[in-house]
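Provided below are the primary sequence and the corresponding predicted coordinates.
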Amino acid sequence: TGLFMYTMTFDTFTWFSSGQGCRSTCSAMGQGLNASCRCEVDEAVFIKNVDEDKVFFYHGYSITYDDINRHGSRVKERTKVISSSPKIKTKVLKTDGSDCLIGGKTIWNYEDARHGLGGTVREWLECGG
């Protein structure tokens, strides 16, 4: 699983004008007041406040089990749970084992987590150490 965040973007601004609006940098068609032109400017822009973008993680789990005769489960008998029981809670921890505050929460209950564990890029990075 990977996460890629854009921090810079390239944009091309294009406009059409006529007469005095045509600069020497534009592609002019005609001359004088009757001239028309097409202008293009390429620009690279850093995206502001990327650390305030929201990132959501969705999670679940799968289990294997032994039946009453102590036979292990086969792959197709494994139970897969996504957005599990309302009784299960999710806790996000920092690398040192302390609580991690994401989206104003340290523990996510079923209702909170069913639409993803969400917080800002800054919050997730602070939790990662």
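Looks like it came in fine. Numbers count the residues shown, from 1 in each chain.

and for Cys39, the neighbour number?
Neighbourhood size, Cys39 [other CB atoms under 10 Å]: 16. The way it works is simple: take the backbone N, C-alpha and C, and place the C-beta from them, glycine included.

so how many other residues sit close to the closest residue to Asn109 other than its chain neighbours?
Leaving aside its sequence neighbours, Asn109 sits nearest to Lys89 (CB to CB, 6 or more residues apart in numbering; 5.3 Å). Lys89 has 12 neighbours, counted by other CB under 10 Å.

before we move on, what about the one 5 residues further on?
Neighbour count for Lys94, taken as other CB under 10 Å: 13.

now it: phi and psi?
Recorded main-chain torsions at Lys94 are phi -70, psi 170, according to degrees, to the nearest 10.

any idea how far Cys127 is from it?
Remark: distance between Lys94 and Cys127 (CB to CB, to the nearest Å) = 5 Å.

tell me the residues that contact both of those two, please.
Listed as contacting both Lys94 and Cys127 by CB atoms under 8 Å, 6 or more residues apart in numbering are Cys100.

okay but Gly128 is in contact with Val92, surely?
No: counting by CB atoms under 8 Å, Gly128 does not reach Val92; the two are 10.4 Å apart.

higher neighbour count, these two?
For Gly128 versus Val92, the count of surrounding residues by other CB under 10 Å is larger for Val92: 19 against 9.

so who does that one touch?
99-100, 102, 106, 108, 117, 127.

neighbour count added to those residues, as CSV?
Shown next, in CSV, are the contacts of Val92 (neighbours: other CB atoms under 10 Å):
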residue, neighbour count
Asp99, 13
Cys100, 19
Ile102, 20
Thr106, 13
Trp108, 20
Leu117, 18
Cys127, 17
